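A.B. asks: Any chance you can model this:
(one chain, ligands or ions: 1)
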Amino acid sequence: MSNTLYPPNAAAAATAHVSGMAAYEALCQEARTDYAGYWARQARELLSWKKPFTQTLNESEAPFFKWFEDGTLNVSYNCLDRHIEAGRGERTAIIFEADDGAVTRVSYQELLGKVSQLANALKARGVKKGDRVVIYMPMSVEGVVAMQACARIGATHSVVFGGFSAQSLRDRIQDAGAVLLITADEQVRGGKQLPLKAIVDEALADNACPTLREVIVYRRTGGAINWVAGRDHWLHDAVAAQSTQCEPEWVEAEHPLFLLYTSGSTGKPKGVQHSSGGYLLHAALTTKWTFDLKDDDVFWCTADIGWVTGHSYITYGPLALGGTEVVFEGVPTYPDAGRFWQMIEKHKVSIFYTAPTAIRSLIKAAETNAAVHPRNYKLDSLRILGSVGEPINPAAWEWYHQHVGGSRCPIVDTFWQTETGGHMITPLPGATPLVPGSCTLPFPGIEAAIVDETGNDVPNGQGGILVVKKPWPSMIRTIWGDPERFKKSYYPSELKGYYLAGDGAIRDEQTGYFTITGRIDDVLNVSGHRMGTMEIESALVSCTELVAEAAVVGRPDDTTGEAICAFVVLKRPRPSGDEAKAIAKQLRDHVAKEIGPIAKPKDIRFGDNLPKTRSGKIMRRLLRAVAKGEAVTQDTSTLENPAILEQLGQAY
Ligand code: 6R9
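C.D. replies: As a prediction, the model looks like this:
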């Protein structure tokens, strides 16, 4: 954390939804005084309920908390119909920019028509409230429509990121017990056409997913694909005869809106289950306060809908508020690394939300190619910048602030997780003085704290475990099909009933500001993507013809935040030189096939065995030092075979 303090711009702060620290404090105070009352007020003011709730929070089955339990609503009604009923149907909901730069604008009225047609098509195919639908789509209007259509009929969606492999997709379809899948023929990224349908075919091969009845395919490129008659249907055919009206399914507030699989400390990804009412409330409230979204804003969140950020800040939050947002199909570096800046200029984006890893790679690009430096673009439409997914280092923060934000835009460094549904610790742009590298203070109503292993508060200035002391509306409800794992992972008995985030943090002695110090479990954060070390280890050892044993750790990386480093013992003699390179490539390809390209280890190191204690435990701390290229200062006297340290020094 740096020491520079950036107070909010007074003129801009004056008109903010939360204007000034006193207003922030007052909200926090309201929540402290009457916790349930505070959240009930927000839920009544921000959401439209079919049947108003009378019970705000039910803690009787803690940690399975229930919010707004006896109320009913529909998420898609809240995101679409109510804006049209208020006479705002002609407003642009989505400005879609394709990989090749083609732009499509979709109004709220048009979006509702598309969502209703697909919702009707799903119903016609027998999809019912509570059924699970997997969405494996490119960044597209149709991807958002697919999610909203599920919400409209009360089907629970589970979006799988388009970069995941057939194996990962299959695991998720099976775990969710999905009945239908929505995909595209191909996706287009960086000028390349990449398969989606072919991966779906592979995932479904050999009747691997018996619950899945049908596949709906959006024609994005028209590329050649395989077709299973009876199972596969074109999206345009499925919706052609459907009405643009569809009565929303009014669901209970606790009805599962979606499952989203994420990595934990064990090998198997977990299906994080979110609610309808509580989730939507926080997605909307954080979009309003953290981004200060107003009618004349153009909001752009660069995340993919396959991650939670795309759920809360593309599909749900901005639409719940009737905002106008950019949805982008492509990548930040195509046709060149000026793409983001060019798009901000073109669409007059006023709120821009991206990940530190993107910023760091664009800094690098601008350093080597002056033509893609943000100073070449007209970025004066910007008024607020955001960061998410990993800690933003002060140097990247300063560059983002100066060169993208013209030293006038506050940066909201938003700390949150798939499990939290929305922002937990974040500055509010019209209130909070900023410190580069710190996510500053909890969102009003979020009781974040730092404790020791027994759940006792630690003083400011002393690091500890990040917890949330009280339940909040958008929290994870359970892990799909595994309530025990939910309790064990997030509410371990020694933590006094606090939610365990899995991150370490420290609060500044003077300001009380939070800085996240990184995961305290075996989860890595590579380019803002969460991955379990065990997940990658299982993928490596599943290459049974080659691998005897594998251990995976993270090491710091200038661009991606963390990089994956794998230590591998082969079933054959330890290779070196070109042979080692070839085997390393084979292993990377294997991991890409098992999980997806994002999980490919950057470094692979081969040893005759792994460093273990005499009791057989892999010495991970030592491996982390080796991965960093640090001298091993740790006591290695308990090492069974000290000679391997030298072998592991070589990375391929
Ligand atoms: C939204 C999202 C969650 C993990 C989280 C933490 C890291 C996210 C951060 C941050 C520091 C921030 N993280 N935002 N660390 N500062 N502003 O990223 O969800 O994919 O579940 O990852 O990401 O380690 O625990 P998810």
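A.B. asks: Tell me where the stretch 1-150 of the chain has strands.
C.D. replies: All strands of the stretch 1-150 of the chain, identified by DSSP state E, counting those that start in this stretch, fall at 57-58, 66-67, 72-73, 92-97, 103-107, 132-136.
A.B. asks: Mind telling me which residue of the stretch 551-652 of the chain is nearest the ligand?
C.D. replies: Proximity to the ligand, evaluated over the stretch 551-652 of the chain using C-beta to the nearest ligand atom, is greatest for residue 561 at 8.9 Å. C-beta here means a position set from N, CA and C on the backbone, and glycine is covered the same way.
A.B. asks: quick one on the thing from earlier: got TSV for the strands of the stretch 1-150 of the chain, with mean pLDDT, mean neighbour count and distance to residue 281 too?
C.D. replies: Rendered in TSV, the data for the strands of the stretch 1-150 of the chain read as follows (pLDDT from 0 to 100; neighbours: other C-beta atoms under 10 Å; distance: least, C-beta to C-beta, whole Å):
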stretch	mean pLDDT	mean neighbour count	distance to residue 281
strand 57-58	98	17	12
strand 66-67	98	25	8
strand 72-73	98	22	10
strand 92-97	98	21	20
strand 103-107	98	15	25
strand 132-136	98	26	23
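A.B. asks: Those: which one's closest to the ligand?
C.D. replies: Taking those one by one with C-beta to the nearest ligand atom, strand 132-136 is closest: 17.4 Å.
A.B. asks: elements contacting that closest one?
C.D. replies: Counting contacts by 3 or more C-beta pairs under 8 Å, 6 or more residues apart in numbering; DSSP states H and E, strand 132-136 is packed against helix 141-153, strand 156-159, helix 166-176, strand 180-184.
A.B. asks: Please identify the buried residues of the third one?
C.D. replies: Applying a neighbour-count criterion of 16 or more other C-beta atoms under 10 Å, one finds 166-173, 175-176 buried in helix 166-176.
A.B. asks: And the last one, by the same measure?
C.D. replies: By neighbour count, and taking 16+ other C-beta under 10 Å as the criterion, the buried residues in strand 180-184 are 180-184.
A.B. asks: follow-up on the earlier one: in space, what's closest to the residue of the stretch 551-652 of the chain closest to the ligand - neighbours in sequence excluded?
C.D. replies: Of all residues not flanking residue 561 in the chain, residue 390 sits nearest, at 4.6 Å (C-beta to C-beta, 6 or more residues apart in numbering).
A.B. asks: Throw the helices and strands packed on strand 132-136 into a markdown table and include distance to residue 59, thanks.
C.D. replies: What follows is those, written out as a markdown table (distance: least, C-beta to C-beta, whole Å):
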| stretch | distance to residue 59 |
| --- | --- |
| helix 141-153 | 27 |
| strand 156-159 | 24 |
| helix 166-176 | 28 |
| strand 180-184 | 36 |
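A.B. asks: Relative to the ligand, which of these is closest?
C.D. replies: Taking these one by one with C-beta to the nearest ligand atom, strand 156-159 is closest: 13.0 Å.
A.B. asks: give the contact list for residue 208.
C.D. replies: Shown in contact with residue 208 (C-beta atoms under 8 Å, 6 or more residues apart in numbering): 170, 174.
A.B. asks: meant to ask about residue 626, not that
C.D. replies: 567, 605, 632, 645, 648-649.
A.B. asks: Correct me if wrong: residue 537 contacts residue 543.
C.D. replies: No - here residue 537 lies out of contact with residue 543, judged by C-beta atoms under 8 Å, at a distance of 11.3 Å.
A.B. asks: what's the first-to-last distance across stretch 344-355?
C.D. replies: 16 Å (C-alpha to C-alpha, to the nearest Å).
A.B. asks: chain center to that stretch, what's the gap?
C.D. replies: 19 Å (C-alpha atoms, centre = their mean, to the nearest Å).
A.B. asks: Other residues contacting it?
C.D. replies: Contacts of stretch 344-355 (C-beta under 8 Å, 6+ apart): 95, 97, 291-293, 296-303, 309, 313, 326, 340, 343, 377-379, 381-390, 404, 527-528.
A.B. asks: Tell me which entries of those residues lie within helices.
C.D. replies: 309, 340, 343 (DSSP state H).
A.B. asks: Looking at the stretch 501-650 of the chain, what residue ends up closest to the ligand?
C.D. replies: Closest point on the stretch 501-650 of the chain to the ligand, by C-beta to the nearest ligand atom, is residue 516, at 3.7 Å.
A.B. asks: Let's verify residue 455: helix, strand, or coil?
C.D. replies: coil (DSSP: H, G, I helix; E, B strand; the rest coil).
A.B. asks: which of the residues in stretch 362-382 are buried?
C.D. replies: Quick answer for stretch 362-382 (16+ other C-beta under 10 Å): 362-363, 365-366, 372-374, 377, 379, 381-382.
A.B. asks: That should have said stretch 193-205, apologies.
C.D. replies: 194-204.
A.B. asks: For the residue nearest to residue 566 when sequence neighbours are not counted, list the residues it contacts.
C.D. replies: With C-beta to C-beta, 6+ apart as the criterion, residue 566 has its nearest non-adjacent residue at 3.9 Å, and that residue is residue 601. By C-beta under 8 Å, 6+ apart, residue 601 lies in contact with 536, 552, 564-566, 587-588, 591.
A.B. asks: cool, residue 517 as well?
C.D. replies: Counted by C-beta under 8 Å, 6+ apart, residue 517 has contacts 391, 463, 503-506.
A.B. asks: Verify the assumption that it is located in a strand.
C.D. replies: Yes - counting by three-state DSSP, residue 517 is located in a strand.
A.B. asks: Apart from its neighbours in sequence, what residue is nearest it?
C.D. replies: Counting by C-beta to C-beta, 6+ apart, the residue nearest residue 517 is residue 504, at 4.2 Å.
A.B. asks: any idea how far the residue nearest to residue 190 when sequence neighbours are not counted is from the ligand?
C.D. replies: Using C-beta to C-beta, 6+ apart and skipping the chain neighbours, the partner closest in space to residue 190 is residue 334 (4.0 Å). Using C-beta to the nearest ligand atom, to the nearest Å, residue 334 is found at 24 Å from the ligand.
A.B. asks: these two touch, right, residue 195 and residue 189?
C.D. replies: No - at 11.7 Å, residue 195 does not count as touching residue 189 under the criterion of C-beta under 8 Å.
A.B. asks: At the contact with the ligand, which residues of the stretch 501-650 of the chain appear?
C.D. replies: 501-503, 516, 519, 525, 528, 530 (C-beta under 6 Å from any ligand atom).
A.B. asks: Does residue 380 touch residue 406 like I think?
C.D. replies: Yes - in this structure residue 380 lies within contact range of residue 406 using C-beta under 8 Å: 6.7 Å.
A.B. asks: Below-threshold pLDDT in the stretch 301-450 of the chain: ranges please.
C.D. replies: Within the stretch 301-450 of the chain, no range satisfies pLDDT under 70.
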